[in-house]
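>>> need a 3D model of the sequence below.
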Amino acid sequence: MDLRITVERAQRLQQLHAEYKPLVLPTVWDVWSARTAADAGFPALTVGSHPLADSRGAGDHEGQTFEEVLAAVRPIIASVDVPVSVDLEAGYGQEPADLVAGLVEAGGVGLNIEDTVHSEGGRVRSTQEHARYVAGLRAAADDAGVPVWINGRTDLFLHAEDASSVLDEAVERLRALEQAGADSVYPVTIQDDDDLLTAVTGAVGIPVNSTAHPVKHDLERFRRLGVGRITYGPLLQFAMTDAMKDMLRRWAP
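Next up is the predicted model:
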């Protein structure tokens, strides 16, 4: 994609985060879902690693190579006229500069980066290590001249038996990601806990991303709790799967 268009879309994604509180980015996985979401009026989209992998018969948790992911997202990004962010899991073993270069070449203007390194046995990066990786992404984007939106994800709540027990550590990590240059932070699996969402949204000065279910959750609730950004993860694809099964069931032999 033309670099000028990529820069313009990156700037637009920044503006959208300021205009909408929260900004809802439907999580898509192919050209059809991207066009459908854009035609429904959404001004920006994100490609999720889980639904993308499912649509290609691959495994989530870095079951595809970075090159395979880029090959899959290029036509998605090219099919719409809105900014598209891409979930890049833990970075597929790439150096930050290479990850940003590949994303920008494909026309992506935002990325999600998590701290569970599935290619290394599912270990979790330390706070300092994850912050250094995010700082590297920020520097690489600056060097490329593209204001890539960096959504820094932590899986600390996901891995804890009791999510509330890791709140202090999670807040420390989210603040470190903010200081390292993340534009938003994403503490996963706490979307149904009002107290934890309130705690993390009050602890950082940048938008907090929450997962949401497109049918079961309420947008106004997330707004009231201070959430600044919403993505669906695999939940939109799951919901559509359920709806498709319901439609087809009466036709099944």
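
>>> from here on, contacts and neighbour counts on C-alpha atoms
Noted.

>>> at the geometric centre of this protein, which residue do we find?
Central residue of the chain (CA atoms, centre = their mean): residue 112, 4.1 Å from the mean position.

>>> what residues does the host helix or strand of that residue touch?
Element membership for residue 112, per DSSP states H and E: strand 110-113. Contact partners of strand 110-113, identified using CA atoms under 8 Å, 6 or more residues apart in numbering, comprise 10, 84-91, 134, 148-153.

>>> for the helix or strand following it, packing partners?
Using DSSP H and E, the helix or strand that follows strand 110-113 in sequence is strand 116-117. When contacts are defined as 3 or more CA pairs under 8 Å, 6 or more residues apart in numbering; DSSP states H and E, strand 116-117 sits against strand 123-124.

>>> list the buried residues for the following helix or strand past the strand it packs on?
Using DSSP H and E, the next helix or strand after strand 123-124 towards the C-terminus is helix 127-144. Neighbour-count burial for helix 127-144 flags 127, 130-141, 144 (criterion: 16 or more other CA atoms under 10 Å).

>>> the residue nearest to the centre of the chain pairs with what?
In this entry, residue 112 is beta-bridged to residue 87, residue 151, by DSSP bridges.

>>> ends of stretch 173-193, what's the gap?
Across stretch 173-193, the terminal residues are separated by 19 Å (CA to CA, to the nearest Å).

>>> neighbouring contacts of that stretch?
Outside stretch 173-193, the residues touching it (CA under 8 Å, 6+ apart) are 127-128, 130-132, 134-135, 138, 149-158, 163, 170, 196-197, 203-212.
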